[in-house]
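> show me the folded form of this:
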Amino acid sequence: MGRYYYGDVEGKFWFGVQSSDDGEYFGAVACEPNTIDYHVEDIEKVREGVENCLDKLGSNCSKLTEFFNSVDGYNESMIQDYYKTHFNEDIEEKTIRELLVWFARLELGTEILKCMEENGECYFTAEL
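Below you'll find the model as predicted:
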């Protein structure tokens, strides 16, 4: 069973990686106890959040994008193997988990930013 967010942006939070309150990173404000209803109005805060995610990921952003575009499911071991095979890099599981938090957050932030650019604001609900 997964936790979803829905409204102006929709998706599924990453299991074991992404917190239901991750929208707060981009300036969203919680509204309800069972779910978190978000309303985002400050596009500059969203842009700053997205840029910060990209900074934290560095070159790993394109590497993880390439990896996730090539698989249907994943685990840390698969990512380690991919890094070794495709980039000749060893990467620790702890580092992978940290990167996945930023990568999942970036995905949410990118969706919020797109919504903001199209609508001027963004509403969504996140399941707890």
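
> starting at the chain centroid, how far to whichever strand or helix holds D37?
According to DSSP states H and E, D37 maps onto strand 35-40. Its chain's C-alpha centre and that of strand 35-40 lie 16 Å apart, by Cα atoms, centre = their mean, to the nearest Å.

> go on, stretch 111-125?
15 Å.

> what comes into contact with that stretch?
Stretch 111-125 is contacted by residues 5-11, 23, 26, 28, 32, 35-41, 43, 46-47, 50 when judged by Cβ atoms under 8 Å, 6 or more residues apart in numbering. For every residue, glycine as well, the C-beta is placed using N, CA and C.

> tell me the buried residues in it?
If you call a residue buried by 16 or more other Cβ atoms under 10 Å, then stretch 111-125 has these buried ones: 111-113, 115-116, 122-125.

> before we move on, the earlier item: just want the angle from the helix or strand just after the strand holding D37 to strand 35-40.
Downstream of strand 35-40, the first helix or strand assigned by DSSP H and E is helix 43-57. Taking axes from the mean of the first three to the mean of the last three Cα atoms, to 10 degrees, one finds that helix 43-57 is oriented at 110 degrees with respect to strand 35-40.

> ok, and what's touching helix 43-57?
Contacts of helix 43-57 (Cβ under 8 Å, 6+ apart): 25-27, 40, 61, 64, 99, 102-103, 105-106, 109-110, 112-113, 116-117, 120, 122.

> hmm, 7 Å instead?
Helix 43-57 has contacts (Cβ atoms under 7 Å, 6 or more residues apart in numbering) with 25-27, 40, 61, 99, 102-103, 105-106, 109-110, 112-113, 116.
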